[in-house]
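# give the three-dimensional model of this entry:
(one chain, ligands or ions: 1)
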Amino acid sequence: MTTEAEDRPVILWFRQDLRLADNPALSHAVETGRSIVPVYILDQGAVARPMGSASLWWLDKSLRALAASLEARGSRLILRRGDSESELRRLIDETGAGAVFMNRLFEPDAFSRDADVAHALRAEGVECKGYNGALLARPGSVLNGSGGPYKVFTPFLKALLASTTPAPALSSPTVIDTPVGLASDAIDDWALHPNRPDWSGDVDWMPGETGASRSLSIFLSGGLKSYSKGRDVPAEAATSRLSPHLHFGEIGPWRAIEQARRAGDDGRVPAAEVDKFVAEIGWREFSAHLLHAFPRMTDAAFRPEYDAMPWRDDPQSLEAWKRGRTGYPIVDAGMRELWKTGYMHNRVRMIVASFLIKHLLIDWREGELWFWDMLVDADLASNVQNWQWVAGSGADASPYFRIFNPITQGQKFDADGRYVRRWIPELSRVPDRWLHEPWNAPPEVLRDAGVRLGQDYARPLVEHSSARERALGALKTVSAARPDGD
Ligand code: FAD
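Got it, this is the predicted structure:
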């Protein structure tokens, strides 16, 4: 015999898990046999870091895709905007729901907000259940010998892979029973798509679950075969481009790993390439576990002495960096790719971040915020962890004194200039020899290429060797601030 409580609907609270397949909270909700109320609540006020404009662009498309998939199963996505707890309460009143199921978020603000919501609802007899659909392992579950969080990547990855078994794949429900007549916002009214201006013309993505599967299969039959080399060449489409799909939960990380491993087991892809890909997903995981354990990482240097760095306040140079007008072609190409597409190749992310932090001596937090607004894959843990990695202040960071030379980086990773020419068409006729240092080209070469430095393309904002010396000088302040003074 079923009690009344067991017949009451389950609210399925979607957040960064915008998929129907392999969605633990959804599968468990369907298993209850009760009707399901799928809801997405746009709650930009609950976290210190609301979504940036590129993320909102993505969210718009991903929610539309999710809504269509739900409709194909006889259900409907309810959209609400405002404070999460108030909106959930309203929905509970409207539907008589007796439970809220969700896949957990692990970023500090969202995590504590969710805990508060669950606490308040449980006190009123509403069942709240959380699942992990976002990470390979729950933060806090992979600990070192002393029971603390790992601060170094390689032992973390080893322990993670040794201690975690893949979550089993869950199939997409074929039918989802949802009460009819529920009020919902119209997604058009949320105006998430940019219109002042609409910068998204060159954005070449397919947000949503189908787009995630498509990106993965293109990668499995292409880039993965020579991933470890290809991933460093920005002109090649050799990486998976799964990052925004993973961030919004349109695919779970175990499924990406499982399919890559299958390609390895079938002999389609060398095992070493699969391992490299798994390790990169491991960096995502490491970032999330670190941020969960050290929530202050978003604002403060992980190694506190790095907050003594004598950062320069230089709004003009910061603006030139943001707009791709530093005069260093590989840096400018990256910043323009970001501006136009909401994405930047990983190698170039490292180069532009290093340039901002070391050549311009501008605080990494400025760059992190710009990326946060501009990236379709903006992810608090990964963004902060990587910016601190480049700044030398992170947990397992690249040493600060390793300063990327933007000329030789360009020559090495964009030797034929395809990447720079794609994003900086005004340099397209500069020969390869001078492409990454046009200011050193003989005047007749620039004339033949139709480039007037300072007019058609910027002169370098800083001179490499003196900027490098300045950056190394600044490091002395950090050494002096170190607790042991070494
Ligand atoms: P692939 O090479 O195919 O890698 C597969 C997956 O592994 C990625 O989708 C991503 O989820 C994960 N991954 C790969 N490299 C890293 C890494 N270094 N750190 C964490 N996860 C990684 N990635 C984000 O997802 N969001 C960010 O906000 C972000 N900010 C970054 C900022 C800087 C300064 C730098 C240097 C890197 C940043 N990255 C960020 C990491 C990396 O650049 C992107 O994950 C990667 O370029 C995405 O492309 P892909 O999916 O084709 O990667």
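# residues from the stretch 101-250 of the chain in reach of the ligand?
Counting by C-beta under 6 Å from any ligand atom, the residues of the stretch 101-250 of the chain close to the ligand are 231, 239-243, 246-247. C-beta coordinates here come from the backbone N, C-alpha and C atoms, glycine included.
# now with 5 Å?
Residues of the stretch 101-250 of the chain lying close to the ligand (C-beta under 5 Å from any ligand atom) are 239-243, 246.
# and of the residues you listed, the nearest to residue 187?
residue 246 (22.6 Å; C-beta to C-beta).
# and the closest one, what's its pLDDT?
Note on residue 246: pLDDT of 98.
# which residue packs closest to it, ignoring adjacent ones?
Nearest residue to residue 246, sequence neighbours excluded (C-beta to C-beta, 6 or more residues apart in numbering): residue 253, at 6.2 Å.
# can you give me the neighbour number for the one you found?
Using other C-beta atoms under 10 Å, residue 253 is surrounded by 23 other residues.
# just to check, it is in contact with residue 280?
No - using C-beta atoms under 8 Å as the test, residue 253 is too far from residue 280 to be in contact (10.5 Å).
# which is the next helix or strand following the longest strand along the chain?
Counting residues, the longest strand found in the chain (DSSP state E) is strand 36-42. Toward the C-terminus, strand 36-42 is succeeded by helix 53-72 as the next helix or strand (DSSP states H and E).
# now for that following helix, which elements pack on it?
Helix 53-72 is packed against strand 36-42, helix 187-190, helix 209-220, helix 364-374, with contacts defined by 3 or more C-beta pairs under 8 Å, 6 or more residues apart in numbering; DSSP states H and E.
# now do the buried residues in the lengthiest helix in the chain.
The residue-count maximum for a helix in the chain (DSSP state H) belongs to helix 271-293. Residues 273-278, 280-293 are the ones in helix 271-293 that count as buried (16 or more other C-beta atoms under 10 Å).
# also stretch 393-411?
Counting neighbours by 16+ other C-beta under 10 Å, stretch 393-411 gives 393-398, 400, 403-407, 409-411 as buried.
# now tell me what touches that stretch from outside.
Stretch 393-411 is contacted from outside by 151-153, 286, 290, 294, 301-303, 306-307, 328-331, 347, 350-351, 354-355, 358-359, 364, 385, 387-392, 420, 435-437, 464, 468, 471-472, 475, 478, using C-beta atoms under 8 Å, 6 or more residues apart in numbering.
# cool, stretch 237-249 as well?
For stretch 237-249, contacts defined as C-beta under 8 Å, 6+ apart pick out 15-19, 23, 58-59, 62, 103, 133-134, 205, 207, 211-212, 215-216, 219, 222-224, 226-227, 230-231, 251, 253, 256, 277, 284, 343, 345-346, 376-379, 382.
# in strands, which of those appear?
The members of the contacts of stretch 237-249 that map onto strands under DSSP E are residue 103.
# of the contacts of stretch 237-249, buried ones?
Of these, these count as buried by 16+ other C-beta under 10 Å: 15-19, 23, 58-59, 62, 103, 133-134, 205, 207, 211-212, 215-216, 219, 223-224, 227, 230-231, 251, 253, 256, 277, 284, 343, 345, 376-379, 382.
# next one: phi and psi at the residue nearest to residue 481 when sequence neighbours are not counted?
Spatially, and ignoring its direct neighbours in sequence, residue 481 is nearest to residue 308 (3.6 Å; C-beta to C-beta, 6+ apart). Per-residue torsions, residue 308: phi -90, psi 0 (degrees, to the nearest 10).
# thought residue 308 was touching residue 479?
No - in this structure residue 308 lies outside contact range of residue 479 using C-beta under 8 Å: 9.2 Å.
# neighbour count winner among the two?
residue 308 (15 against 12).
# now that one: how far from residue 474?
10 Å (C-beta to C-beta, to the nearest Å).
# swap in residue 116?
Note on residue 116: its distance to residue 474, by C-beta to C-beta, is 41 Å.
# ok, the two, which is more surrounded?
Comparing residue 116 with residue 474 by other C-beta under 10 Å, the one with more neighbours is residue 474, at 18 against 13.
# that concludes my questions; thank you for your assistance.
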